[in-house]
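Undergrad: could you work out the structure for the sequence below:
(2 chains)
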Number of protein chains: 2
Amino acid sequence: MTNDRLIEKTITTEPVFSGKVISLQIDTVELPDGSRGTREIIRHPGAVAVLAVHEGRLLLVDQFRQAMGRCELEIPAGKLEKGEDPMEAARRELQEETGYRCGKIKLLHSFYTSPGFADEIIHLYLAEELTAGEMAPDEDEFLEVIEASFEEVQSYIADGRIADAKTILAAYIWQLQLAKPAGSVLK
Amino acid sequence: MTNDRLIEKTITTEPVFSGKVISLQIDTVELPDGSRGTREIIRHPGAVAVLAVHEGRLLLVDQFRQAMGRCELEIPAGKLEKGEDPMEAARRELQEETGYRCGKIKLLHSFYTSPGFADEIIHLYLAEELTAGEMAPDEDEFLEVIEASFEEVQSYIADGRIADAKTILAAYIWQLQLAKPAGSVLK
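TA: Now for the predicted structure:
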């Protein structure tokens, strides 16, 4: 999968910071022409996100995001716990953040969010056969659930209340699903 | 846009690291219930990415990504330079990374890549009326251009050579565009 003409060799790795969510290291690399460069790299445990539509409405979570200094509407998501199976994590996050349990769940995509500087990967699942229940957010997590029609989701994207890659991606996948004939399933 | 019941107040900001691409700070915040928490925050200058289809083939860049330790196929993208207009940056990155110049360009979406820990925003543009020319990558940037049919893009997503959020999002936008009647334009 890796093109030999483009490969960078790691010469040294300098750990800079290790926190509760992310860690930061500076790698010195040998570039393909033999010269050296540095790369600032964030390590992240990985995360899951869930596309879940209940009675024609997308489940969204309203949450304050300190990095942006404002609230955002995002699909339910959260970090992987150590050793946790991503599909179980997706079921857990859906239930903790929205109260909904799902009968069926399947992986749609696994993608890197910021390949230029971070190894964060998000596993995006489609959850179906939803049944309502009690939310159980983490103790430092304050959020509200919003169930939005397709038109509302489009308006939230237009006005910037939805402004993150995973949620906009989920909206496009939903749009394609809606465009298919009844009874068809997402491939 | 911000829900008062969810707001977190910044109490202190501790700078930890300032690099050539990212910086890291630890914020202590007051949570909505009055308790305190910490947030590890990455600051990033923002970036642009370009969805460009030439004669039915998506322009992709093959590039080594140190964070993942392997090559990835991604749409052309790059960081904003200080004070740079995002649309000009998109034209610049398209030309530097692929050689193509575009007659028309328009913003599709601006999105945060990792709202849980980073303020990185990507402005995704649609570039049209492409004309080929010379590449001019940055001196520490080694890359190869690949022009891929829709079916090839789908196979690269399936086998993981395409594995980042912005490129998968671009592939869905392209798919929706292809599904529309001839002559229609992306809204």
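
Undergrad: can you confirm A:His123 is in a strand?
TA: Yes: counting by DSSP: H, G, I helix; E, B strand; the rest coil, A:His123 is part of a strand.

Undergrad: what's the domain layout of chain A?
TA: A:4-43, A:47-179 (automatic domain parsing).

Undergrad: quick one, helices of chain A?
TA: Residue ranges of the helices in chain A, as given by DSSP state H, are A:86-98, A:150-159, A:165-179.

Undergrad: just the CA coordinates for the first one, please, in PDB.
TA: Coordinates of each C-alpha in helix A:86-98 appear next as PDB, following Å, rounded to 0.1, in the frame of the first residue of the first chain:
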ATOM      1  CA  PRO A  86     -15.200  -0.400  18.200                       C
ATOM      2  CA  MET A  87     -18.700  -1.900  17.500                       C
ATOM      3  CA  GLU A  88     -19.400  -2.300  21.200                       C
ATOM      4  CA  ALA A  89     -18.100   1.200  21.700                       C
ATOM      5  CA  ALA A  90     -20.500   2.500  19.100                       C
ATOM      6  CA  ARG A  91     -23.500   0.800  20.900                       C
ATOM      7  CA  ARG A  92     -22.200   2.200  24.200                       C
ATOM      8  CA  GLU A  93     -21.800   5.800  22.900                       C
ATOM      9  CA  LEU A  94     -25.200   5.700  21.200                       C
ATOM     10  CA  GLN A  95     -26.900   4.600  24.500                       C
ATOM     11  CA  GLU A  96     -24.900   6.800  26.800                       C
ATOM     12  CA  GLU A  97     -25.400  10.000  24.700                       C
ATOM     13  CA  THR A  98     -28.900   9.500  23.400                       C
END
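
Undergrad: and it with chain B, contact?
TA: No: figure legend: helix A:86-98 not in contact with chain B (Cβ under 8 Å from any Cβ of the partner chain); closest approach 12.1 Å. C-beta here means a position set from N, CA and C on the backbone, and glycine is covered the same way.

Undergrad: name the residues of that helix that are buried.
TA: Buried residues in helix A:86-98, counted by 16 or more other Cβ atoms under 10 Å in any protein chain shown: A:86, A:89-98.

Undergrad: quick one: contacts of stretch A:163-173?
TA: Contacting residues not belonging to stretch A:163-173 are listed as A:49, A:51, A:58, A:60, A:68, A:72-75, A:77, A:108-109, A:111, A:113, A:122, A:124, A:126, A:153-154, A:157, A:162, A:186, B:109-113, B:115, B:122, B:165-166, B:168-169, B:172-173, B:176 [Cβ atoms under 8 Å, 6 or more residues apart in numbering or on different chains].

Undergrad: return the distance of it from the chain's centre.
TA: What separates the centre of stretch A:163-173 from the centre of its chain is 9 Å, taken as Cα atoms, centre = their mean, to the nearest Å.

Undergrad: what pLDDT, on average, does it get?
TA: For stretch A:163-173, mean pLDDT rounds to 98.

Undergrad: all strands of chain A, in order?
TA: A:9-18, A:23-30, A:36-43, A:47-54, A:57-65, A:70-74, A:77-79, A:101-112, A:121-131, A:143-148 (DSSP state E).

Undergrad: okay, those strands, which one's buried deepest?
TA: Sort these by mean neighbour count, taking mean count of other Cβ atoms under 10 Å in any protein chain shown, and strand A:47-54 sits at the top with a mean of 24.

Undergrad: check which helices and strands that one sits against.
TA: Applying 3 or more Cβ pairs under 8 Å, 6 or more residues apart in numbering or on different chains; DSSP states H and E, we find strand A:47-54 packed against strand A:57-65, strand A:77-79, helix A:86-98, strand A:101-112, strand A:121-131, helix A:165-179.

Undergrad: and B:Gly34, which of these is closest to it?
TA: Ranking those by proximity to B:Gly34 (Cβ to Cβ) places strand A:57-65 first, at 14.5 Å.
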